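Trainee: Need a 3D model of the sequence below.
(chains A, B and C)
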Amino acid sequence: MKDIKNGSLKLSSKVHLLYHLFHGDKVSSMIDNLETNEIVDVQKFVWEKTVEFGLVSRGKHFDRKEITRKMTPTPIFQKQNGCTQPAYHCKGTECIEIHEECGRKKIKEHVDVMSESIWDYINKYV
Amino acid sequence: MRIGELLVVSPPGKLCEQFIASVCDVLEQKNDETCYGRMPVNDELAVHIYGVQLNGNIDAVSWDLISPKLLGYILLFDWDDADSLEKLSPTLDIFSAQFHAPLMIVGCVKNTTKIPMSPDFYEVAGIPIEKETRFSFCTATDPISARKIVATLIDILLEKV
Amino acid sequence: MKSHEKDKILIIDEDSNYIGGLRKSLNQAGYDVLSFDDPHKALEIIQDIHPQMIIADVDLTENADYSFFKHVQTIPELKNIPFIVMSNQKRVDDRIRTIELGVDDFISKPFYVEEVVARVENLFKEIEELQNHEEYSTNGFGGNLGEKNVIELIKTLESEKKNAIIHLKQGQFEGSIFVYQGNVHDAVFEDFEADEALTKLIVWTEGRYFIEYTDFNRPKVIVQPNELIIEFGRERIEQWDKIKYNLPPLTSALYITELTSTKNNISDDERKLISTLNGSKIIYEMVVQSPFDDIKALELIFKLYEKGYLKESDSPFSDEKKKVASLFKEKVNTPKNGDTSHLLHNLLQNNPQEPSDQDEDRRQDDRRQTDDRRKMSDRRRTHRIFNQKLFLNKTELMMIREKLL
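Mentor: Purely as a prediction, here's the structure:
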């Protein structure tokens, strides 16, 4: 089992992520060249920014479900990818240890949804 | 006289000089690669801001001599020029790994209308990236905008004290 | 605590007066001591001896070449062992030079042997602590719950299908979760057991953990499968985090304000919670000691906080801890008969001490030595780190901020 370390994403990568997020780019293509442990950190970082921006833009009405409901539901994602693992296994950051390709795919999807959410928050809040 | 020192770093260009001139009212010295400004606070306290232009040549500076006394670092790049960020990238990683002090990373725009988001997202405390590292926007030629960046860096220090 | 009884110390000094006394004291302290008056002879057999520490008299004059030290550094097995330099040269510059070379400690001659023994013991202890920092050992591993929470730990053990005990610690609170062949088996936390204990521990996302791979002899009292436990845990964490977000950190202390005496708009449950409080208490303490479920307790605390009936205490110490801290100070100031250091150690272990001005003065005296030693520890790392010393105080920073804005 690969050892995923936290905090392995470089500062320059984070700044590049912000640069692309604030330009409205989908960042999933950016992460193709990253190592497994780095893309786990990408998801964590982008999620943190999504929540921060959501809270500023929506205040008390912010609900994380408004982001997570845009993501492919786990049972459907598993079916689409021919996965027979139990549902609770299908967390990109966990399953990436066992099925790297599928885990990457899930994280990229999540990151794209989050990028769109951030872009919405930035543009709809004036 | 008590002195607080800051270091501003940018890729080659005018950003450093403009930023320091905006914060300090007067740019006391400049040459091709460095500049220096002074902001008196009162009779007993002043802030000295040094500017360095780096083109990946981070070893050109004697960090061990200057780093212990610096309050923090401000790294500038041109928001409208992706190449400017590329040039700053190696410096960002070295700073993150080796300098345990507050760090402001700033995307500079020509005027505040070019900033892609409402100030509510970045102005209050910057956008957190790492423990003592924040991201923000500013217009290097606008004193109010430039001073807000320094104020955010001071806020990071105040959280520590 | 690792026994040092078998640790070998090599002493090299041409002056036998120093060697004799030092060897005797170090032997009495439990160390195995070998001594040489000729560094060349020492070098011939040093690799066979393989000492755990070297204490050597070194010439610190300007022309000194530190050849003995440098030679030891070239031997891979000996490169990282602690090296203490003794010298009768007292110039600060010489001292700084030895530190810059990478030497671990410096002793001026003449010296008190007790001081040297104490320094030797401290150095061994520091090294042991550095090694423990890795927090990986053959029987388990540890880390920070902020990076890997309880649910993630359970899932890790589930995939490994191993027997283990997850030891958890948050402030003064400790708990354990027992996992048998990857399945949660039992839990203990304070006075709680089984499901109740697990319910409290599963929301922990702060504090430290240590997973101990070990067999244990306990009946299975938690019958739910991991899948349900994890789903339950996730929901709890979500609810917990939602409420927690609007409160100060759980390690903050809150106190009851006088407003509660008016009894306005306080529900029965809120009143019940307040009745369990005595002075100020840390939020998580309030939750654990309340008669309610954790989520409900936290909700009630939040409501009371929002209404202004609970306020943040200025001191991070609850009243109980303040009392303990002052008791501690009394003990320190009272002349001691016999060795009560173990009592003080226990006190320190569990209760933070409020710093005083006298303590600050004492600390400043020791600071230079501690800084030097820390610099030496840091040198063991692979790259240089530039640490910041804050030269301005809070007032000055605020003045600068005011000037800027």
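Trainee: hang on, residue A:37 packs against residue A:10?
Mentor: No: contact between residue A:37 and residue A:10 fails when scored by Cβ atoms under 8 Å: they sit 11.7 Å apart. Yep, even glycine has a C-beta here, placed from its N, CA and C like the rest.
Trainee: Out of the helices and strands in chain B, which is least certain?
Mentor: When the helices and strands of chain B are compared on mean pLDDT, DSSP states H and E, helix B:63-66 comes out lowest with a mean of 67.
Trainee: residues from chain C in reach of chain A?
Mentor: Counting by Cβ under 8 Å from any Cβ of the partner chain, chain C comes close to chain A at C:147, C:148, C:152, C:155, C:159, C:227, C:230, C:231.
Trainee: I'd like to know how far the residue sitting furthest away from the middle of chain B sits from residue B:2.
Mentor: For chain B, the residue at maximal distance from the C-alpha centroid (Cα atoms, centre = their mean) is residue B:43, at 24.6 Å. Distance from residue B:43 to residue B:2, counting by Cβ to Cβ, to the nearest Å: 10 Å.
Trainee: And residue C:183, by the same measure?
Mentor: Counting by Cβ to Cβ, the gap from residue C:183 to residue B:2 is 62 Å.
Trainee: Between these two, which has more neighbouring residues?
Mentor: Relative neighbour count places residue C:183 above the other of residue C:183 and residue B:2, with 19 against 13, counting by other Cβ atoms under 10 Å in any protein chain shown.
Trainee: hey, what's that one bridged with?
Mentor: residue C:180 (DSSP bridges).
Trainee: what does residue C:311 give?
Mentor: Bridge pairing for residue C:311 - DSSP bridges - gives residue C:255.
Trainee: Report the contact partners of the closest residue to residue B:107 other than its chain neighbours.
Mentor: In space, and not counting its chain neighbours, residue B:107 is closest to residue B:79: 3.6 Å by Cβ to Cβ, 6 or more residues apart in numbering or on different chains. With Cβ atoms under 8 Å, 6 or more residues apart in numbering or on different chains as the criterion, the residues that contact residue B:79 are B:107, B:108, B:109, B:114, B:115, B:137.
Trainee: so where do the strands sit in the stretch 51-200 of chain C?
Mentor: C:53-57, C:83-87, C:105-108, C:136-137, C:140-144, C:164-170, C:173-180, C:183-189, C:192-193 (DSSP state E, counting those that start in this stretch).
Trainee: residue ranges with poor pLDDT in chain C?
Mentor: C:1-6, C:59-65, C:89-102, C:126-139, C:251, C:258-264, C:313-390 (pLDDT under 70).
Trainee: For chain A, give me its nearest residue in it.
Mentor: residue C:147 (4.7 Å; Cβ to the nearest Cβ).
Trainee: Near that residue, how many residues? Count them for me, please.
Mentor: By other Cβ under 10 Å, the burial measure for residue C:147, its neighbour count, is 12.
Trainee: now it: how far from chain B?
Mentor: 14 Å (Cβ to the nearest Cβ, to the nearest Å).
Trainee: Going by secondary structure, residue B:105 is in what exactly?
Mentor: Assigned by DSSP states H and E, residue B:105 belongs to strand B:103-108.
Trainee: which outside residues touch that strand?
Mentor: By Cβ under 8 Å, 6+ apart, strand B:103-108 touches A:15, A:19, B:15, B:19, B:72-79, B:92, B:95-96, B:126, B:129-130, B:132-140, B:149, B:152-153, B:156.
Trainee: Put the buried members of those into a ChimeraX selection.
Mentor: To isolate the buried subset of the contacts of strand B:103-108 in ChimeraX, counting by 16 or more other Cβ atoms under 10 Å in any protein chain shown, use the following:
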select /A:15,19 /B:15,19,72,73,74,75,76,77,78,79,92,95,96,126,129,132,133,134,135,136,137,138,139,140,149,152,153,156
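Trainee: Can you flag which of the contacts of strand B:103-108 belong to helices?
Mentor: Among the contacts of strand B:103-108, the residues falling in helices (DSSP state H) are A:15, A:19, B:15, B:19, B:92, B:95, B:96, B:149, B:152, B:153, B:156.
Trainee: Next up, the contacts around residue C:204.
Mentor: Contacts of residue C:204 by Cβ under 8 Å, 6+ apart are C:145, C:149, C:150, C:168, C:170.
Trainee: Identify the farthest-apart pair in those.
Mentor: C:149 and C:170 (11.6 Å; Cβ to Cβ).
Trainee: Chain A contacts on chain B?
Mentor: B:82, B:85, B:88-90, B:92-93, B:95-96, B:105, B:107, B:116-118, B:120-121, B:127-130, B:133, B:135.
Trainee: ok, is stretch C:397-405 in contact with chain B or not?
Mentor: Yes: judged by Cβ under 8 Å from any Cβ, stretch C:397-405 comes into contact with chain B at C:397, C:398, C:399, C:400, C:401, C:403, C:404, C:405.
Trainee: Now for the residues you listed, which sits with the most neighbours around it?
Mentor: residue C:400 (26 neighbours).
Trainee: residues in contact with that one?
Mentor: B:4, B:41, B:45, B:47, B:154, C:392.
Trainee: Let me know whether my guess that it is in a strand holds.
Mentor: No: with DSSP: H, G, I helix; E, B strand; the rest coil as the criterion, residue C:400 is located in helix rather than a strand.
Trainee: Excluding sequence neighbours, find me the nearest residue to residue A:43.
Mentor: Using Cβ to Cβ, 6+ apart, the nearest residue to residue A:43 is residue A:107, at 4.9 Å.
Trainee: Model confidence for the one you found, exactly?
Mentor: Looking at residue A:107, its pLDDT stands at 90.
Trainee: any idea how far it lies from residue A:82?
Mentor: 18 Å.
Trainee: Mind checking which of those two has more residues around it?
Mentor: Just comparing residue A:107 and residue A:82: by other Cβ under 10 Å the higher neighbour count belongs to residue A:107, 24 against 7.
Trainee: List the buried residues in the one helix or strand the more buried one maps to.
Mentor: Using DSSP H and E, residue A:107 maps to helix A:100-124. For helix A:100-124, the neighbour count (16+ other Cβ under 10 Å) marks A:102-122 as buried.
Trainee: Mind giving me the packing neighbours of that helix?
Mentor: Judged by 3 or more Cβ pairs under 8 Å, 6 or more residues apart in numbering or on different chains; DSSP states H and E, helix A:100-124 is in contact with helix A:11-21, helix A:36-58, helix A:65-68, helix A:92-95.
Trainee: could you redo the contacts of residue C:204 as CSV and give each row neighbour count and distance to chain B?
Mentor: Output for the contacts of residue C:204, formatted as CSV (neighbours: other Cβ atoms under 10 Å in any protein chain shown; distance: Cβ to the nearest Cβ, whole Å):
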residue, neighbour count, distance to chain B
C:145, 18, 17
C:149, 19, 19
C:150, 25, 24
C:168, 21, 24
C:170, 19, 21
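Trainee: now, among these, which is nearest to residue A:48?
Mentor: residue C:149 (15.5 Å).
Trainee: show me what contacts that closest one?
Mentor: C:204, C:205, C:237.
Trainee: The same query, at a cut-off of 6 Å, please.
Mentor: residue C:205 (Cβ atoms under 6 Å, 6 or more residues apart in numbering or on different chains).
Trainee: Walk me through the domains of chain C.
Mentor: Following automatic domain parsing, one gets these domains for chain C: C:8-132, C:136-234, C:253-312.
Trainee: So what does residue C:237 look like in phi/psi?
Mentor: phi -60, psi -40 (degrees, to the nearest 10).
Trainee: my guess is it contacts residue C:201, does it?
Mentor: No: using Cβ atoms under 6 Å, residue C:237 makes no contact with residue C:201, being 11.5 Å away.
Trainee: Which one's more surrounded, those two?
Mentor: residue C:201 (23 against 18).
Trainee: which non-adjacent residue is nearest residue A:103?
Mentor: Looking at residue A:103 with Cβ to Cβ, 6+ apart, the closest residue is residue A:96, at 2.8 Å.
Trainee: I'd like to know which helix or strand in chain A has the lowest mean pLDDT.
Mentor: Of chain A's SSEs (mean pLDDT, DSSP H and E), minimum confidence goes to helix A:92-95, a mean of 71.
Trainee: Alright, calling it a day.
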